[in-house]
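Novice: Here's a sequence, model it:
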Amino acid sequence: MHIHLKDVRRKVLKRILESDGSFNSGVKEGYFTVPGDGDLDFSELGKFVHNSGYRGWVIVEAEQDPAKAPPKVYAEKAYRFAKELIF
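Specialist: Predicted coordinates for the structure are as follows:
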């Protein structure tokens, strides 16, 4: 078992849906991002992890254009967010 974290930017999603854009265009435009950088509220997940005794893996993902979102910078951002949320 593992927890898989990914975040989204709602404004980008709205724009993609309104223009009938594809999944790939959404990725290129920055629909997805690392946890803590988008608009999702992860507070309930944090409570679950703390209260359940969960000791499994936590996986972070974000399909992003590396030219717009440097992988090292965003990986570090995701790590800090997940560490604060879960530990």
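Novice: Output the longest helix belonging to this structure.
Specialist: helix 71-86 (DSSP state H).
Novice: Now do that one: distance to the chain's middle.
Specialist: Centre-to-centre, helix 71-86 and its host chain are 10 Å apart (Cα atoms, centre = their mean, to the nearest Å).
Novice: do stretch 7-15 as well
Specialist: Averaged C-alpha coordinates place stretch 7-15 at 12 Å from its chain's average position (Cα atoms, centre = their mean).
Novice: which stretches of the chain form helices?
Specialist: 10-18, 23-29, 43-52, 71-86.
Novice: average model confidence for the third one?
Specialist: What that stands for is helix 43-52. Mean per-residue pLDDT for helix 43-52: 92.
Novice: Show me which residues of it are buried.
Specialist: Within helix 43-52, the residues that qualify as buried are L45, V49, counting by 16 or more other Cβ atoms under 10 Å. (Each C-beta comes from the backbone N, C-alpha and C, glycine too.)
Novice: hey, C-alpha coordinates of it in PDB?
Specialist: Extracted in PDB, the C-alpha atoms of helix 43-52 (Å, rounded to 0.1, in the frame of the first residue of the first chain):
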ATOM      1  CA  SER A  43      -5.300  18.600   5.500                       C
ATOM      2  CA  GLU A  44      -7.700  15.600   5.900                       C
ATOM      3  CA  LEU A  45      -5.000  13.300   4.400                       C
ATOM      4  CA  GLY A  46      -2.500  14.600   6.900                       C
ATOM      5  CA  LYS A  47      -4.900  13.900   9.700                       C
ATOM      6  CA  PHE A  48      -5.500  10.400   8.400                       C
ATOM      7  CA  VAL A  49      -1.800   9.600   8.300                       C
ATOM      8  CA  HIS A  50      -1.200  10.900  11.800                       C
ATOM      9  CA  ASN A  51      -4.200   9.100  13.300                       C
ATOM     10  CA  SER A  52      -4.000   5.800  11.500                       C
END
